[in-house]
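*Asks:* Sequence first, then the predicted structure, then my questions.
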Amino acid sequence: MSTAHYEVVVVGGGMVGTALARALGRQGRRVALIEAHKPQPWHVDEDYDLRVSAINRASQHLFEHLGAWSGMRARRVSAYRRMHVWDAGGAGAISFDAAEIGEPDLGHIVENRVIQEALGEGLEGVAQYCPVALEAMTIDGTQVRLLLTDGIELSAALVVGADGAHSRVRALAGIEREERPYGQKAIVTTLSTERSHQDTAWQRFLSTGPVALLPLADGRCSLVWSADTAVADGLMALSDDDFRLELGRATALCLGCVTEIGARAAFPLVGSRVRPYVRPRIALVGDAAHTIHPLAGQGVNLGFMDVAALAGVLGGTRREVGGLRVLRAYERARRAENEGAMRVMEGFKQVFGSGLPGLAWLRGQGLALAGGIPPLKRRLASQALMGGHFTPPTKADQG
């Protein structure tokens, strides 16, 4: 059997991997994308998917650069213009409004399927191998050889692992992964409430984990309730009526009673990071390189900024794409920001999840202080909006 040769092979055709394949394809590179599962199509008459992402402005700019944002908007996106965060253990609260920083919104809630499908529409020129998985990989001085589970053989100057937290590329490359189980699960569902969500993202910090109501365009909310594992298991075992009552208590009825609730799902929360992000002819992006607590919804946005950074590094060099010097430039651009985000999220989890005497008062004072200083509040709102700095990837022949 003959071997198909590519400049870059991206393993993992989820949101991050598809975005990277699209970005590199637009640079004129010979790219292949490998994905084990066929994408689930999106239909306008279907209900909202349980898995949604809070897309910040930096990720939106990447989608615009890739020509995918209009496709997402044509399907279904939900802008939120305000954010309200408060502490169940004290009187502290803070609110942000896009108008205060001269912006039309603070971000968008977008179903993962919508992101996936819109990005997948622009893969002309990218060879797609789906559904098929990576079986084996051999790295030598000039190329990487890949064997797929259907017997097809590929080779590439660079292989990028975008295949999730349990990355096959990472394992075959011998890159170590450090896990930090958070002892929590996230419960997700779609629900209706008595009162309008007011285009506002609501988040309340409980001692057992944060609960968030994310506004959807049809007036409902997407729920992300992160709770200690035993608590989450108990909540998942409740009837819909009892769960609605518990959720009302958890959110302090900020939108009135929960009137309807859809199917629920729960998944464990684990923080992770790898060292290093790159090896000769190997790079890791997205969840293959790092995962963080979802309390600020930044996980997938960090992955999209990995895409922008790697595409930018590859597009801005005349060097051979699999060379370690080139790939280390990508790692330097992303490691500090990703690990900083992990530390911040873990810090929030510890501070707001602690029952130490007096800490609730300190949390309340901190929130009140931040909310009472307009320049600081605007800066926090701007950071929540952007989440990172987006630099458009350049063409492959520049630099």
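*Replies:* All right, it came through fine.
*Asks:* Ranking helices and strands of the chain by mean pLDDT, which lands last?
*Replies:* Ranked by mean pLDDT, DSSP states H and E, the weakest helix or strand in the chain is helix 359-372, scoring a mean of 51.
*Asks:* Flag the shaky bits of this structure, pLDDT-wise.
*Replies:* Regions of the chain meeting the criterion pLDDT under 70 cover residues 1, 90-91, 295-297, 344-399.
*Asks:* For it, which segments count as helices?
*Replies:* 15-26, 57-66, 69-75, 112-120, 168-173, 229-237, 240-250, 299-315, 324-353, 359-372, 374-386 (DSSP state H).
*Asks:* Identify the residues contacting the shortest one?
*Replies:* Which is helix 168-173. For helix 168-173, the surrounding residues in contact (CB atoms under 8 Å, 6 or more residues apart in numbering) are 11-12, 133-134, 136-137, 139, 159-161, 163, 177, 274, 279, 282, 284, 288. In this view, the C-beta of every residue, glycine as well, is placed from N, C-alpha and C.
*Asks:* residues of that helix that come out buried?
*Replies:* Arg168, Val169, Arg170, Leu172, Ala173 (16 or more other CB atoms under 10 Å).
*Asks:* Export those as CSV, with columns for distance to Met342.
*Replies:* Converted to CSV, the buried residues of helix 168-173 look like this (distance: CB to CB, whole Å):
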residue, distance to Met342
Arg168, 23
Val169, 21
Arg170, 17
Leu172, 25
Ala173, 22
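*Asks:* Most widely separated two among those residues?
*Replies:* Taking CB to CB as the measure, the buried residues of helix 168-173 span a maximum distance of 9.5 Å, between Arg168 and Ala173.
*Asks:* Just give me the neighbour total for Arg332.
*Replies:* Residues contacting Arg332 under the criterion other CB atoms under 10 Å number 13.
*Asks:* So in the chain, which strand runs the longest?
*Replies:* Counting residues, the longest strand in the chain under DSSP state E turns out to be strand 176-193.
*Asks:* And Ala263, how close does it get to Leu191?
*Replies:* 11 Å (CB to CB, to the nearest Å).
*Asks:* Settle it for me: which of the two has more neighbours?
*Replies:* Leu191 (21 against 10).
*Asks:* Asp87 is in contact with Ala93, isn't it?
*Replies:* Yes. If you go by CB atoms under 8 Å, Asp87 and Ala93 touch, sitting 7.1 Å apart.
*Asks:* The two: who's more crowded?
*Replies:* Asp87 (21 against 14).
*Asks:* which residues touch the residue positioned nearest the centre of the chain?
*Replies:* Among the residues of the chain, the one closest to the centroid is Val300, at 1.2 Å (CA atoms, centre = their mean). Residues in contact with Val300 (CB under 8 Å, 6+ apart) are Met15, Val16, Ser53, Ile55, Ser59, Gly286.
*Asks:* and the residues you listed, which two are the farthest apart?
*Replies:* Ile55 and Gly286 (14.5 Å).
*Asks:* Those two: who's more crowded?
*Replies:* Comparing Ile55 with Gly286 by other CB under 10 Å, the one with more neighbours is Gly286, at 29 against 25.
*Asks:* any idea how far that one is from Arg195?
*Replies:* 36 Å.
*Asks:* got it, and Asp97?
*Replies:* 18 Å.
*Asks:* how close does Gly71 get to Asn56?
*Replies:* 18 Å.
*Asks:* Check Val8 too.
*Replies:* 26 Å.
*Asks:* What of Ile94?
*Replies:* Distance from Ile94 to Asn56, by CB to CB: 18 Å.
*Asks:* got the end-to-end distance for stretch 141-161?
*Replies:* Taking CA to CA, to the nearest Å, stretch 141-161 runs 19 Å from one end to the other.
*Asks:* Report the buried residues of that stretch.
*Replies:* Buried, per 16+ other CB under 10 Å, within stretch 141-161: 143-144, 146, 148, 152, 154-161.
*Asks:* Take the residues you listed and write them to TSV, including distance to Asp306.
*Replies:* TSV is the format used below for the buried residues of stretch 141-161 (distance: CB to CB, whole Å):
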residue	distance to Asp306
Gln143	23
Val144	19
Leu146	21
Leu148	24
Ile152	27
Leu154	22
Ser155	24
Ala156	18
Ala157	19
Leu158	14
Val159	15
Val160	10
Gly161	11
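*Asks:* Now, those that are in strands?
*Replies:* Val144, Leu146, Leu148, Leu154, Ser155, Ala156, Ala157, Leu158, Val159, Val160, Gly161.
*Asks:* one step back: of the contacts of helix 168-173, buried ones?
*Replies:* 11-12, 133-134, 137, 139, 159-161, 163, 177, 274, 279, 282, 284, 288.
*Asks:* and which of the residues you listed is nearest Ala232?
*Replies:* Nearest to Ala232 among the buried ones among the contacts of helix 168-173, with distances taken as CB to CB, is Arg177, at 24.0 Å.
*Asks:* any idea how far that closest one lies from Leu284?
*Replies:* 10 Å.
*Asks:* joint contacts of these two?
*Replies:* Contacts common to Arg177 and Leu284, judged by CB under 8 Å, 6+ apart, are Arg170, Val274.
*Asks:* With adjacent residues omitted, what lies nearest to Arg145?
*Replies:* Thr138 (4.5 Å; CB to CB, 6 or more residues apart in numbering).
*Asks:* nearest to Pro210, of the helices of the chain?
*Replies:* helix 324-353 (7.0 Å).
*Asks:* thinking Glu153 is in contact with Gln143, fair?
*Replies:* No. Using CB under 8 Å as the test, Glu153 is too far from Gln143 to be in contact (11.7 Å).
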